[in-house]
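# Sequence first, predicted model second:
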Amino acid sequence: MLKVTSLTVKYGSIVALKNVSVHIKKGEFVALIGSNGAGKTTLLNAIYGLAVFEGDVVFKDKNLSNVASHKRIEMGLSLVPEGRRVFPNMTVLENLELGGFKKDKQFINRKIDEVVELFPVLKERFRQLAGMLSGGEQQMLAIARALISDPELLLMDEPSMGLAPMVIKEVYEKLSILKKNGLTIFLVEQNAMAALKYADRGYVLENGKIVLQGKSNELINDNEIKRAYLGKEYKEKWER
């Protein structure tokens, strides 16, 4: 479904990504993990049309090099950005309706019915300003808003950022349901263990380069992954 080949992104003299290649098959849940500043968001921005790049991004056999972002949405790409970025002074319902701004009213209403079945708390908050929601509720709203456009591939940037562990678990369980229903998901995360627990496969990005890839159960048991992402307590235990 998605094939990124030899992708390089530069900001002036700074190389944010260098010869990055990833692929995602239809129906897969794929995670890209890496530390802050590794280039994860840059990769999503390039795929979504928000960053100038060298190389190829092919979605459903079409090269996206000269395709505008809004056209990529129409092709079936949708992005849940880092930090949720809901419209705080608009209601939950208005935020959802914006997710389908290119669709007709009947289509939008049908999709809203579908997403609130998955995220029932949003229906309870329809008339509430999005800025008054909790962090977890805002993340659910951001996902639901992205789903209104009826994407085939959902891109997600740091879905666990700033959320409590129980809320992270709930968000990922919702993503698992979406995957079981046929949605293809590609997300980037610093929280490697959360992502790899639910994803089918994973890539590890360091300093703008893919340094490791494999099935999630292989990566989650890799000692270098544990050292890098499980924190000081594990590192001290491992080094003894």
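Right, received. Where do you want to start?

# show me where the chain has strands.
Applying DSSP state E to the chain gives strands spanning 2-11, 14-24, 29-33, 54-59, 62-63, 77-80, 153-157, 184-189, 201-206, 209-215.

# can you put those strands in CSV and add distance to Glu94, mean neighbour count and mean pLDDT?
Placement of C-beta: from N, CA and C, glycine included. Converted to CSV, these look like this (distance: least, Cβ to Cβ, whole Å; neighbours: other Cβ atoms under 10 Å; pLDDT from 0 to 100):
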stretch, distance to Glu94, mean neighbour count, mean pLDDT
strand 2-11, 31, 17, 95
strand 14-24, 32, 18, 95
strand 29-33, 30, 25, 96
strand 54-59, 29, 17, 95
strand 62-63, 32, 12, 94
strand 77-80, 18, 24, 93
strand 153-157, 21, 23, 95
strand 184-189, 26, 24, 96
strand 201-206, 35, 22, 94
strand 209-215, 39, 15, 93
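
# Make TSV from those strands and add distance to Leu175 to it.
Shown next, in TSV, are the strands of the chain (distance: least, Cβ to Cβ, whole Å):
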stretch	distance to Leu175
strand 2-11	17
strand 14-24	14
strand 29-33	7
strand 54-59	20
strand 62-63	26
strand 77-80	10
strand 153-157	8
strand 184-189	6
strand 201-206	14
strand 209-215	18
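
# Looking at the ones you listed, which is nearest to Ala144?
Nearest of the strands of the chain to Ala144, taken as Cβ to Cβ: strand 77-80 at 9.5 Å.

# Show the secondary-structure elements that the closest one is packed against.
Where contact means 3 or more Cβ pairs under 8 Å, 6 or more residues apart in numbering; DSSP states H and E, strand 77-80 is packed against helix 40-48, helix 135-147, strand 153-157.

# For the residue nearest to the spatial centre of the chain, give its distance to Lys169.
Residue closest to the average C-alpha location in the chain (Cα atoms, centre = their mean): Met156, at 1.1 Å. From Met156 across to Lys169, the span is 16 Å (Cβ to Cβ, to the nearest Å).

# same check, this time on Gly27
Distance from Gly27 to Lys169, by Cβ to Cβ: 23 Å.

# Select the helix or strand of this protein having the lowest average pLDDT value.
Ranked by mean pLDDT, DSSP states H and E, the weakest helix or strand in the chain is helix 232-239, scoring a mean of 41.

# circling back to that earlier point, tell me which of the helices and strands packed on strand 77-80 sits nearest to Asp61.
strand 153-157 (13.3 Å).

# if I pick Glu173, what's in contact with it?
Contacts for Glu173 (Cβ atoms under 8 Å, 6 or more residues apart in numbering) come out as Tyr198.
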